[in-house]
Structures are given as structure tokens and as C-alpha cells.
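# the sequence and its predicted three-dimensional model are supplied below.
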Amino acid sequence: MRKNGYSLVEVLVAAAILIIAILAIIAVVRKGRELDITDRHRRVARATIMSRFENPSYRYDNYDNVAPLNGQTVIIDPRDTATTTDDLTGTLVITVAPEDTLQGASNTPIPFKEVTMRITWQEPGPLNEQVEIKKQISKCE
């Protein structure tokens with residue numbers, strides 16, 4: 001004879017389903033947060049590279065002196081402004097390809113150099129991230 005209410009087995013099954021659903025929601029929110037942080041780091045790296053390209057050292061009027069750079073440390077996420085020991089840092093590498101030429105509008109050769117700037121960093125966990133931007137610098141701008 002069954003009384004009104006739920007049996008212990010029904011309550012345990014319902015609780016297990018509820019716990020699984022809550023854990024799934026927590027996992028999705030956590031992964032979304034990780035992706036948001038990684039995306040913010042990519043935006044900072046891209047902005048750092050773009051600001052380097054705006055530097056007069058990488059403009060057409062400094063064409064003959066454009067120089068590579070190997071391994072400068074840049075800050076991706078300062079985290080705590082009181083101390084620098086917990087900053088997330090990356091490595092900036094700038095490569096300059098040998099001079100090449102393009103055909104101009106009047107079939108005159110235009111010399112240019114391709115400058116590649118790449119920042120790599122280690123995200124918390126096993127992920128290595130990098131942002132790379134290439135730009136061609138010519139003598140006539």
C-alpha cells in the first residue's frame with residue numbers, strides 16, 4: 001500500500017540529477033570565464049603590437065634602420081598593481097624579412113620589408129598563446 005509522498009529512491013535520483021545539472025552549469029560558467037580572460041589577454045597583446053608599429057622606429061622614414069628584436073618581456077596582465085611578481089608576462093619577438101620589391105602602379109619597383117611582431121605567453125594551465133601581426137614597410141609611403 002503506497003502512501004502519499006516520494007520514496008527514498010526517488011528523492012536520491014532527483015538529487016543526483018540536480019547535482020549533475022548544477023555541476024554542468026558551473027563547468028560551463030568556468031570555461032566561459034577562462035575564454036574571456038584568454039580573449040582579454042589576446043586583445044592586450046594585439047594592442048601592444050599595434051602600438052609598437054606606431055613607434056617611429058617601424059615607420060617608412062626609418063626604413064633603413066628597421067631592426068629585429070629577440071625576446072623582450074612585455075606585460076600581458078598586470079593583475080596586482082602593488083607588486084610585479086604576479087604579472088602575466090609574454091615575450092615579444094620582432095623579425096624583419098630581407099628587402100623585397102613590389103611592382104608599383106607605373107611598373108616601377110617599390111622596395112619593402114616585411115616586419116613580423118609576435119607575442120607569446122603561457123596562460124594558466126597547459127595553454128601557450130600567441131598573437132602575430134605582419135606589416136610591410138616601404139620606402140615610399
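Everything's here; your move. Numbers count the residues shown, from 1 in each chain.
# got the buried residues for the longest strand along the chain?
Across the chain, the strand with the greatest residue count (assigned by DSSP state E) is strand 109-122. Across strand 109-122, burial judged by 16 or more other C-beta atoms under 10 Å covers 112-113, 115, 117-119, 121. No exception for glycine: its C-beta is placed from N, CA and C like everyone else's.
# what distance do you get for Gln122 to Thr38?
11 Å (C-beta to C-beta, to the nearest Å).
# shared neighbours of the two, anything?
Taking C-beta atoms under 8 Å, 6 or more residues apart in numbering as the contact rule, Gln122 and Thr38 both touch Glu129.
# please state the offset of the lowest-mean-pLDDT helix or strand in the chain from the chain centre?
Within the chain, no helix or strand scores below strand 100-103, which has a mean of 74 by mean pLDDT, DSSP states H and E. Distance, stretch centre to chain centre, for strand 100-103: 31 Å (C-alpha atoms, centre = their mean, to the nearest Å).
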